[in-house]
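In: Need a 3D model of the sequence below.
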Amino acid sequence: MSPLVKILSILFIPLGFTSISVAQKFYEAEDADSAQVKFFIADSPEQADLHFCIIYEASEITKPGIMMEVETPKEADIILIFVDSEKDADIKVWLIDTPAEVKWLNESKKKLLSVKGLK
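Out: Reported below is the predicted structural model:
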């Protein structure tokens, strides 16, 4: 590997990880009017649009549905609220344990969580 390629690799690889680590951070709104997206916890995994997980390290965020809660709306990419009624929801979700289990069951809802180029 040439010295130029090594230098470029060192410069550009961290930039890729930076964009990943700032996406899919959410803040839970106080009320529905303040939320950009409304989540409803489905009654079963089969009824969900998205199987999502909540993580605690930003470096684990690699695609929509792997989410990390932040303390202020300013830090968030998405402001959401969990609603009690399915009819009020934008997305029906099912909470899973690991990022590997995250998946969309209803691809048409994916655009609601498309942030910073993650797909």
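In: rest of the way, CA atoms for contacts and neighbours
Out: Will do.
In: For stretch 89-97, give me every contacting residue.
Out: Contacts with stretch 89-97, where a contact means C-alpha atoms under 8 Å, 6 or more residues apart in numbering, come from 37-42, 44-45, 47-54, 83, 86, 102, 109.
In: In that stretch, which residues are buried?
Out: For stretch 89-97, the neighbour count (16 or more other C-alpha atoms under 10 Å) marks A89, D90, I91, K92, V93, W94, L95, I96 as buried.
In: Let me have those in a markdown table, adding pLDDT as columns.
Out: Listed next are the buried residues of stretch 89-97 as a markdown table, based on pLDDT from 0 to 100:
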| residue | pLDDT |
| --- | --- |
| A89 | 97 |
| D90 | 96 |
| I91 | 96 |
| K92 | 97 |
| V93 | 97 |
| W94 | 97 |
| L95 | 97 |
| I96 | 97 |
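In: Which ones among the residues you listed map onto strands?
Out: I91, K92, V93, W94, L95 (DSSP state E).
In: Using CSV, lay out these together with distance to D33.
Out: Output for those, formatted as CSV (distance: C-alpha to C-alpha, whole Å):
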residue, distance to D33
I91, 16
K92, 18
V93, 20
W94, 23
L95, 24
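In: sorry, back to before: let me know the closest of the buried residues of stretch 89-97 to E69.
Out: Of all the buried residues of stretch 89-97, E69 sits closest to L95, with 13.8 Å by C-alpha to C-alpha.
In: give me the low-pLDDT residue ranges for the protein?
Out: Confidence mapping of the chain against pLDDT under 70 gives the ranges 1-23, 115-119.
In: Point out the ones among the contacts of stretch 89-97 that are inside strands.
Out: V37, K38, F39, F40, I41, L50, H51, F52, C53, I54.
In: For the residue nearest to the fourth one when sequence neighbours are not counted, give its distance to E75.
Out: If you skip the residues right next to it in sequence, F40 has K92 as its closest partner in space, 4.8 Å away by C-alpha to C-alpha, 6 or more residues apart in numbering. Taking C-alpha to C-alpha, to the nearest Å as the measure, K92 falls 24 Å from E75.
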